[in-house]
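S.K.: Any chance you could fold what I've pasted below:
(2 chains)
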Number of protein chains: 2
Amino acid sequence: MIIPSIDDMFAAHERIKPHVHKTPVLTSSFLNELTGAELFFKCENFQKAGVFKARGASNAVFSLSDDMLEKGVATHSSGNHALSLSYAAGRRGIPCTVVMPRTAPQAKKDAVKGYGGTIVECEPSTSSREAVFAEVVAETGAEFVHPYNDHRVIAGQGTCSRELIDQVEGLDAVIAPIGGGGMVSGTCLTLSNLAPETKIYAAEPEQADDAARSFKAGYIIADDAPETVADGLKVPLKDLTWHFVSNHVTDILTASEQEIIDAMKLTWKRMKIVMEPSSAVPLATILKNKDTFAGKRVGVIITGGNVDLDLLPWLNS
Amino acid sequence: MIIPSIDDMFAAHERIKPHVHKTPVLTSSFLNELTGAELFFKCENFQKAGVFKARGASNAVFSLSDDMLEKGVATHSSGNHALSLSYAAGRRGIPCTVVMPRTAPQAKKDAVKGYGGTIVECEPSTSSREAVFAEVVAETGAEFVHPYNDHRVIAGQGTCSRELIDQVEGLDAVIAPIGGGGMVSGTCLTLSNLAPETKIYAAEPEQADDAARSFKAGYIIADDAPETVADGLKVPLKDLTWHFVSNHVTDILTASEQEIIDAMKLTWKRMKIVMEPSSAVPLATILKNKDTFAGKRVGVIITGGNVDLDLLPWLNS
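M.R.: Here you go, the predicted model:
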């Protein structure tokens, strides 16, 4: 296990700057009044490939050694890391193979292909995904870039919070959704070094609350194939992300499916931004835990905006 | 007819600054590649009340004389001016009555009520709207703030382009949707004085192309109750907006219903912003007239984001 340092994050930031956006921070007086907190939304839905993962993927791809360029990169992903790795590989002009659940949203599959990535499908379970992926790596010899349990990826994700604390002074807390824990780990890496007084919260769907249960138990609990509308958050913690989560996170809060959908629709309606269900989990938990955040300046990471616009969850519920 | 001057626009800007946002300008490398132009999207969908009309309404409300404050303001509107006037009246703490078609989206009616406005319904035609409105003014004695044919409103809308030319240098053109012509007139007021080399285009639905036909004919042609998905663009030009349009607009381009819906969905998907069908008309016309805009730096005014999220047009077509 290689634990990235704050210098790795700084190096990542220099490396990826030409390939990612410094995303804007938006505010909403309506949501501030509703929550009683001062919320600063870091809009990674406006990021390249529509998601923060362009940061970590770009850092991994652009730190590859020259002898690996012909074999390229490969990964397994519920979608957004696939997009992001394809995007970054396309920028560097190297091959990219991704193992993706056959149930992943069509919009994400189309986007991977649009960036030039090659898709190999698996069943929608962690076990199937890992088995199919082993075959792919054996065949291609490609460099494995894990969606989150990778020091290069976490150093890349950490650049998001570095921008955020430059853009907004005196944050009392930052909250981000947690699936495998890549964004949360990057946030921990950066804030524990550069803003140690800022508390870090993670937000998770009740129906995929393995990180919250791990956090309480003190060791990693992994579920196979949980079901939630927040499709980016189904994957379990791994050793590297567990290291950051267990050492630096103040609490992991959860929200129900309906609360997530309501928070998502509310954000679209009032802030006029398109974001994924996963990105709505932090606001859903803030609305449930108003006392924790009242009067505080809170950074809220809107992780991505890759939604199938033909399948909006409030139209099916 | 009072024609606002550029000094009226400057005064409006000082007056309304505490009550409106300086909205951001977003870009999309995808849409630049697709169109061959360099597009700069001025995001008035992030404006207060979700629409640029907060500018004009705030200017009218905050320039009211003290003796009118008790009687308040009144207007008729297809929705967005109603929201905006209610918002501005609420900020000043005065009454606001709005005459609205009974067919206006429920989301807009709810929002008017949310800002404290009082709604009186009419039939969805220009003639019914004007008749019902006359009764309302007779009863309340309120100051009429027309949605667009008002010098205070046009001076307010002109502040949008003033920001835009501060935010983006060297624009070859600016394009905005046209209904009654309020935004286009404000754009003409500001650009003809401050950036006379910048061409001004207006974009209109084919199914409500009265402004395009007026432009060709050289006099105002008004349709009663045209039908289009771009529900903010059904109203006709009036003398004051005709003055600006006929003197300063280079051309009025049109797009079909399907082209508008496609451009709307494309923007949501690639730019991750929520915008109204009306706001998609400029991009729809740019995609149809690539030669006109290729290689040019083009400001595109995203006029508003007040959409009924339960009734998205691509899900009904």
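
S.K.: Spell out which parts of chain A neighbour chain B.
M.R.: With the criterion set to Cβ under 8 Å from any Cβ of the partner chain, chain A comes near chain B through A:24, A:26, A:43, A:45-46, A:50, A:107, A:265, A:268-269, A:271-275, A:305, A:309-310, A:312, A:314-315. Every C-beta, even on glycine, is put in place using the N, C-alpha and C of the backbone.

S.K.: Where helices are concerned, which of those count?
M.R.: Using DSSP state H, the subset of these located in helices is A:107, A:265, A:268-269, A:271.

S.K.: between those, which has the most around it?
M.R.: residue A:271 (25 neighbours; other Cβ atoms under 10 Å in any protein chain shown).

S.K.: Run through the residues that contact that one.
M.R.: A:26, A:28, A:31, A:41, B:46 (Cβ atoms under 8 Å, 6 or more residues apart in numbering or on different chains).

S.K.: gap between the second one and residue A:233?
M.R.: With distances taken as Cβ to Cβ, to the nearest Å, residue A:28 is found 23 Å from residue A:233.

S.K.: The two: which is more packed in?
M.R.: residue A:233 (29 against 19).

S.K.: which residues touch the more buried one?
M.R.: A:177-179, A:204-205, A:208, A:278, A:281.

S.K.: change it to 10 Å
M.R.: Residue A:233 makes contacts with A:78, A:177-181, A:203-205, A:207-211, A:226, A:260, A:276-279, A:281, A:303, as judged by Cβ atoms under 10 Å, 6 or more residues apart in numbering or on different chains.

S.K.: same thing with residue A:76?
M.R.: Residue A:76 touches A:82, A:97-101, A:120, A:122, A:126, A:128-134, A:136-137, A:144-147, A:235, counting by Cβ under 10 Å, 6+ apart.

S.K.: The residue nearest to it when sequence neighbours are not counted in helix, strand or coil?
M.R.: With Cβ to Cβ, 6 or more residues apart in numbering or on different chains as the criterion, residue A:76 has its nearest non-adjacent residue at 4.0 Å, and that residue is residue A:99. The local conformation at residue A:99, judged by DSSP: H, G, I helix; E, B strand; the rest coil, is strand.

S.K.: Tell me the secondary structure at the residue most central in space within chain A.
M.R.: With distances taken as Cα atoms, centre = their mean, residue A:183 lies nearest the centre of chain A, 4.8 Å away. Classification of residue A:183 using three-state DSSP returns helix.

S.K.: One more: the one 3 residues further on?
M.R.: For residue A:186, the assignment made with three-state DSSP gives helix.

S.K.: what's the neighbour count on it?
M.R.: 31.

S.K.: Check the gap between it and chain B for me.
M.R.: Note on residue A:186: its distance to chain B, by Cβ to the nearest Cβ, to the nearest Å, is 21 Å.

S.K.: does that residue really touch residue A:162, like I thought?
M.R.: Yes. Counting by Cβ atoms under 10 Å, residue A:186 does reach residue A:162; the two are 9.2 Å apart.

S.K.: Common neighbours of those two, please.
M.R.: Counting by Cβ under 10 Å, 6+ apart, the contacts common to residue A:186 and residue A:162 are A:9, A:12.

S.K.: who touches residue A:25 in this structure?
M.R.: A:39-43, A:163-164, A:166-168, A:299-300, A:302.

S.K.: Could you tell me the model confidence score at it?
M.R.: At residue A:25, the pLDDT value in this model is 97.

S.K.: Likewise for residue A:317?
M.R.: 52.

S.K.: and what of residue A:125?
M.R.: Among the per-residue scores, residue A:125 shows a pLDDT of 86.

S.K.: same check, this time on residue A:78
M.R.: 65.

S.K.: And the residue lying farthest from the centre of chain A, how far from residue A:143?
M.R.: Centroid-distance maximum for chain A: residue A:67 at 29.2 Å, with Cα atoms, centre = their mean. Using Cβ to Cβ, residue A:67 is found at 10 Å from residue A:143.

S.K.: Same question for residue A:32.
M.R.: 44 Å.

S.K.: again with residue A:315
M.R.: In terms of Cβ to Cβ, residue A:315 sits 40 Å off from residue A:143.
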